[in-house]
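*Asks:* give me a model of this one.
(one chain, ligands or ions: 1)
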Amino acid sequence: MKLAVIGAGYVGLVTGIGFASLGHEITFVDVDAKKVEMIEKAEPPLYEKGLKELMKNLSSYRATTEFKAIKNSEIVFVCVGTPFKDGKMDLSQLESSALEISKYLSKQIVVLRSTVLPGTTENLIPIFEKYGKKAFADFGVAYNPEFLREGNALQDFFNPDRIVIGAEDERSKKILSELYKDFNCPKIFTNIKTAEIIKLVANAFLSTKISFANEIGNVCKKLGIDCYEVFEAVGLDHRISPHFFKAGLGFGGSCLPKDLKALISKAVEVGEEPRILKAVLEVNESQPLRMIEILKKHLGSLEGKKIGVLGLAFKPETDDVRDARSMVVVSKLLEEGAEIVAYDPKAMENFRKIFPNIEYRKSALEVIEGAEAILIVTEWTEFEGVDCKGKLLVDGRRVKVKNAKYEGVCW
Ligand code: UGA
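*Replies:* Numbers count the residues shown, from 1 in each chain. Below is the predicted model of the structure:
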């Protein structure tokens with residue numbers, strides 16, 4: 001099939017390149033000319049495991065800044081960002097894309113894949129219809145959430161747990177069923193707003209598991225109990241599952257924190273008090289600060305002390321630092337007057353744009369050598385077994401290191 005993908009960020013690129021490798025013809029449309037140029041040269045504009053190799057080996061995709069390129073597509077996936085700004089989800093990128101798309105609509109199926117609040121896709125219909133074509137009659141509209149984890153996004157694309165298709169007209173359902181026919185997993189067909197909230201609820205539940213693990217971890221630490229042992233046993237109950245129980249610094253990234261905040265704001269808007277969701281967020285905000293408290297317990301004031309930070313990405317295998325727990329940790333350290341030396345295998349360039357004035361090193365060992373105490377903020381595998389030279393190490397991610405005066409954040 002001929003597919004257009006609007007927005008070549010993580011979701012758009014992985015979706016497009018994923019479908020290209022299944023034999024479809026892809027046109028990426030992005031307003032960022034630099035990104036377009038890189039994709040045209042088969043260079044991924046972001047780091048994602050396996051993406052570079054796939055892009056090099058495929059020729060069935062192209063990229064442009066021109067929306068008119070969607071004219072001959074059967075499906076137009078919309079994958080632009082929906083950041084959380086000023087207390088609500090910012091839909092400006094979606095709205096401006098919808099307006100551009102509307103100029104070239106004939107009988108395509110427009111499929112939103114950006115994470116949105118229920119009702120958003122339907123609210124865009126008047127924009128899509130601006131030039132006289134009718135939704136569900138001339139062109140189709142659907143919502144198809146993604147459940148891709150950064151760092152595992154391609155693997156998740158090819159092996160999904162489920163595919164959710166929110167579609168209300170028969171033609172959209174038929175064409176999307178055809179597109180996904182070779183995927184061997186449950187396929188759930190719903191109306192559009194149900195599909196929209198399924199994505200938010202999935203992320204909210206994952207966030208809840210993490211904050212729950214952190215709260216229990218904090219209690220277990222005080223009781224001298226290892227929460228990792230606890231969750232290993234608890235997770236064996238098939239109703240619970242062992243995943244997303246890794247206690248530590250909490251969740252960051254471009255999805256879980258903002259989707260949770262958006263769901264909270266929607267709940268409040270409809271007159272509900274989302275007590276659980278609010279608590280999940282509260283635990284997540286205070287958890288990284290525990291690291292600094294442990295540090296102060298050992299070192300006293302942090303004024304003028306050199307603290308090493310290992311890991312800046314919001315999780316391993318990505319260069320993404322959006323809402324990373326490292327931001328909270330580094331900001332607090334700076335506020336306490338500490339000097340910082342940091343290392344991350346992939347995310348230093350992105351982190352430097354926000355914190356240009358801290359020191360960056362080329363390896364974990366260089367950080368350890370130059371610091372009085374060390375914090376592990378992201379669990380990159382290369383930190384495993386690293387020699388800490390007998391120094392104080394506060395671990396936020398349960399990494400096995402050597403020769404450290406060791407304390408875990410909640411174990
Ligand atoms: C998340 C969801 O996992 C995907 O299913 C979803 O598609 C995606 O958001 C999205 O909405 O697009 P992602 O943000 O890539 O994916 O990252 P996760 O693997 O979920 O990790 C998020 C954060 O939680 C990381 O900071 C990680 O360190 C933290 N985490 C994760 C924990 O602290 N403990 C855990 O047990 C698991």
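
*Asks:* how is the residue of the stretch 51-200 of the chain found nearest the ligand assigned, secondary-structure-wise?
*Replies:* The nearest approach of the stretch 51-200 of the chain to the ligand comes at Glu150, 3.5 Å away (Cβ to the nearest ligand atom). Quick note: C-beta positions are derived from backbone N, CA and C, even for glycine. Following DSSP: H, G, I helix; E, B strand; the rest coil, the label given to Glu150 is coil.

*Asks:* for the residue nearest to it when sequence neighbours are not counted, give me its contacts.
*Replies:* For Glu150, ignoring the flanking residues on the chain, the nearest one in space by Cβ to Cβ, 6 or more residues apart in numbering is Thr318 at 4.7 Å. Thr318 sits next to 47-48, 150-151, 346-347 when contact means Cβ atoms under 8 Å, 6 or more residues apart in numbering.

*Asks:* got the confidence number for Thr318?
*Replies:* Looking at Thr318, its pLDDT is 91.

*Asks:* Glu146 now?
*Replies:* Confidence score, pLDDT, at Glu146: 97.

*Asks:* check which residues of the helix or strand hosting Glu178 are buried.
*Replies:* According to DSSP states H and E, Glu178 maps onto helix 170-179. Within helix 170-179, the residues scored as buried using 16 or more other Cβ atoms under 10 Å are 172-173, 175-176, 179.

*Asks:* which ones are touching Gly235?
*Replies:* By Cβ under 8 Å, 6+ apart, the contact set of Gly235 is 241-243, 245.

*Asks:* the spatially closest residue to Arg352 that is not a sequence neighbour: neighbour count?
*Replies:* Nearest non-adjacent residue to Arg352, counting by Cβ to Cβ, 6+ apart: Tyr360, 6.5 Å away. Neighbour count for Tyr360, taken as other Cβ atoms under 10 Å: 19.

*Asks:* where does Tyr360 fall, phi/psi-wise?
*Replies:* Tyr360 has phi and psi values of phi -120, psi 140 when expressed as degrees, to the nearest 10.

*Asks:* so it bridges to which residues?
*Replies:* Note on Tyr360: beta-bridge partners by DSSP bridges are Ala342.

*Asks:* distance check, it against Val367.
*Replies:* Distance of Tyr360 to Val367, given as Cβ to Cβ, to the nearest Å: 9 Å.

*Asks:* next: Pro288.
*Replies:* For Pro288, the distance to Val367 - Cβ to Cβ - is 18 Å.

*Asks:* ok, and what's touching the helix holding Glu178?
*Replies:* 1, 3, 19, 24, 74-75, 109, 111, 136, 140-142, 144, 165, 167, 187, 189.

*Asks:* give me the mean pLDDT for that helix.
*Replies:* In this model, helix 170-179 carries a mean pLDDT of 98.

*Asks:* then stretch 238-256?
*Replies:* So the average pLDDT for stretch 238-256 ends up being 97.

*Asks:* ok, stretch 27-46 next?
*Replies:* The pLDDT scores in stretch 27-46 average 97.

*Asks:* same question, stretch 8-20
*Replies:* 97.

*Asks:* residues of that stretch that come out buried?
*Replies:* 8-20.

*Asks:* secondary structure class for Glu293?
*Replies:* helix.

*Asks:* and the gap between it and Leu310?
*Replies:* Taken as Cβ to Cβ, the span from Glu293 to Leu310 is 19 Å.

*Asks:* quick one: which of these two has more around it?
*Replies:* Between Glu293 and Leu310, counting by other Cβ under 10 Å, Leu310 is the more crowded of the two (33 against 12).

*Asks:* next one, pLDDT for that one please.
*Replies:* On pLDDT, Leu310 comes in at 98.

*Asks:* show me what contacts the residue in the stretch 301-411 of the chain that the ligand sits nearest to?
*Replies:* In the stretch 301-411 of the chain, the residue that lies nearest the ligand is Lys315 (4.0 Å; Cβ to the nearest ligand atom). By Cβ under 8 Å, 6+ apart, Lys315 lies in contact with 150-151, 252-253, 378-379.
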